[in-house]
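K.L.:
Give me a 3D structure for the following:
(one chain, ligands or ions: 3)
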Amino acid sequence: MKLITSSILPKVIRKRPTKSFKGTYGKVALIGGNHNFGGAIIMSTLGTVYAGAGLTTTFTDASNQSSLHAWVPEAMFADYQDQAQLTQLLPTMDVISLGSGLGTDEQALNLIKLIFNLVTPEQVLLVDGSALTLVAKYQLALPTATIIVTPHQMEWERLTGVQLANQNPATNQRAYNQLLVDHPHLIAVVKSAQTEVFTPTGAFQNTTGTPAQATGGMGDTLAGIISGFVAQFQSVDDAVLAAVYTHSAIAAQLAQQQYVVLPHQISEDLPHFMHEHQAD
Ligand SMILES: NC(=O)C1=CN([C@@H]2O[C@H](COP(=O)(O)OP(=O)(O)OC[C@H]3O[C@@H](n4cnc5c(N)ncnc54)[C@H](OP(=O)(O)O)[C@@H]3O)[C@@H](O)[C@H]2O)[C@@H](O)CC1
Ligand SMILES: Nc1ncnc2c1ncn2[C@@H]1O[C@H](COP(=O)(O)OP(=O)(O)O)[C@@H](O)[C@H]1O
Ligand SMILES: [Mg+2]
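P.N.:
Ligands and ions are numbered 1, 2, ... in the order given. As a prediction, this is how the structure comes out:
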């Protein structure tokens, strides 16, 4: 397994060309946040916007609109129950992130099915949180697209059947290979204290991070950062690796002076961290 180190950053985070505009940096849809888990999709949105995505639209429960805009007015809001709007807007997106804080009720299941039908092969679909739990429970077929799954260890167990106690680089690689049979363009970010990333071209282990990260919303934030990186940067595989590294590296820096690192603090530090690590 190769290690994910700071050497991934200059490969991915490049100086912005002078002649560019918001459209240059990608359009992202984030879909999730039910009435109870609005915080999850707000944290994802912070990750995407602060990572530098050009245009971000958050599809969530209507009750989350004012909190979303209090945290991040840069994002657009859409009601995830408005099927006509979803059907109209989704084809315009480069990256779609689905599931952070979505919940697992029937409404969530129907939304996932609708979105899987709308996604096109040119798009990148990130599947996180509740959407992973529902995909596993109902054995939903993932659409043809570039797929990124971001399970924590229990979600990985649900998805692959590999029990948590038996998860290690070798068993995870075998389970990933099985997923690849049906989805040749799938990347798996298997999150833990030492997150592993499986891509069609290699397996990687993160080298940074801290237990100060072990708090709700940390994965929702990662889903947002990955979406923001993939929307802007060339290679999807490298963008995912750089996002995983960046998320933990910022946390480790903050943890030098903090007992716990709050997810939104990582997002707020992204513009500064990316400025420090951008390459020509
Ligand atoms: N502020 C918000 O809005 C927030 C909203 N959120 C949203 O909530 C939704 C549900 O996501 P979820 O992760 O909280 O619940 P679920 O998928 O049932 O997994 C938990 C079960 O798995 C077990 N477990 C064992 N190992 C584990 C591991 N390494 N990592 C994690 N869990 C592990 C664990 O064991 P236990 O802790 O009980 O010992 C428990 O039995 C999802 O959409 C998410 O986005 C959250 O992000 C929080 C902030
Ligand atoms: N002890 C730890 N060391 C490093 N990273 C951790 C640790 N515990 C959790 N994390 C990170 O926090 C995130 C947790 O993801 P997840 O459980 O999906 O969070 P949530 O759904 O609450 O947002 C992952 O990125 C994981 O790698
Ligand atoms: Mg999660």
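K.L.:
Next, the residue in the chain positioned nearest to ligand 2: secondary structure please.
P.N.:
Among the residues of the chain, Gly219 lies closest to ligand 2, at 2.2 Å counting by C-beta to the nearest ligand atom. To be clear about C-beta, it is placed using only N, CA and C from the backbone, and glycine gets the same treatment. The assignment at Gly219 comes out as helix when based on DSSP: H, G, I helix; E, B strand; the rest coil.
K.L.:
Pretty sure it sits against Ser192.
P.N.:
No. Gly219 lies out of contact with Ser192 (C-beta atoms under 8 Å); the separation is 10.7 Å.
K.L.:
Quickly list what's touching both of the two.
P.N.:
His152 (C-beta atoms under 8 Å, 6 or more residues apart in numbering).
K.L.:
which of the two has more neighbours?
P.N.:
Using other C-beta atoms under 10 Å as the criterion, Gly219 and Ser192 rank with Gly219 on top: 24 against 16.
K.L.:
so where do the strands sit in the stretch 51-200 of the chain?
P.N.:
Assigned by DSSP state E, counting those that start in this stretch, the strands in the stretch 51-200 of the chain fall at 55-60, 76-79, 95-98, 124-127, 146-149, 186-190, 196-199.
K.L.:
just those: most buried one?
P.N.:
Mean neighbour count (mean count of other C-beta atoms under 10 Å) peaks for strand 95-98 among the strands of the stretch 51-200 of the chain, with a mean of 28.
K.L.:
do that one and ligand 2 meet at all?
P.N.:
No. Applying C-beta under 6 Å from any ligand atom, one finds strand 95-98 separated from ligand 2 by no less than 12.4 Å.
K.L.:
Who are the packing partners of that strand?
P.N.:
Contacts defined by 3 or more C-beta pairs under 8 Å, 6 or more residues apart in numbering; DSSP states H and E place strand 95-98 against strand 27-31, helix 106-118, strand 124-127, helix 218-232.
K.L.:
Please convert those to TSV, extending it with distance to Asp269 and mean pLDDT.
P.N.:
Below are the helices and strands packed on strand 95-98 laid out as TSV (distance: least, C-beta to C-beta, whole Å; pLDDT from 0 to 100):
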stretch	distance to Asp269	mean pLDDT
strand 27-31	20	99
helix 106-118	31	98
strand 124-127	22	98
helix 218-232	11	99
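K.L.:
Next, format those as JSON lines and append distance to ligand 1.
P.N.:
Shown next, in JSON lines, are these (distance: least, C-beta to the nearest ligand atom, whole Å):
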{"stretch": "strand 27-31", "distance to ligand 1": "11"}
{"stretch": "helix 106-118", "distance to ligand 1": "9"}
{"stretch": "strand 124-127", "distance to ligand 1": "11"}
{"stretch": "helix 218-232", "distance to ligand 1": "5"}
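K.L.:
so Ala131 makes contact with Ile112?
P.N.:
Yes. Using C-beta under 8 Å, Ala131 is in contact with Ile112, at 5.5 Å.
K.L.:
Compare the two (neighbour count), which wins?
P.N.:
It is Ala131, of Ala131 and Ile112, that has more neighbours when counted by other C-beta under 10 Å, with 30 against 22.
K.L.:
Tell me who's in contact with the more buried one.
P.N.:
By C-beta under 8 Å, 6+ apart, the neighbours of Ala131 are Gly32, Leu98, Gly99, Leu102, Ala108, Ile112.
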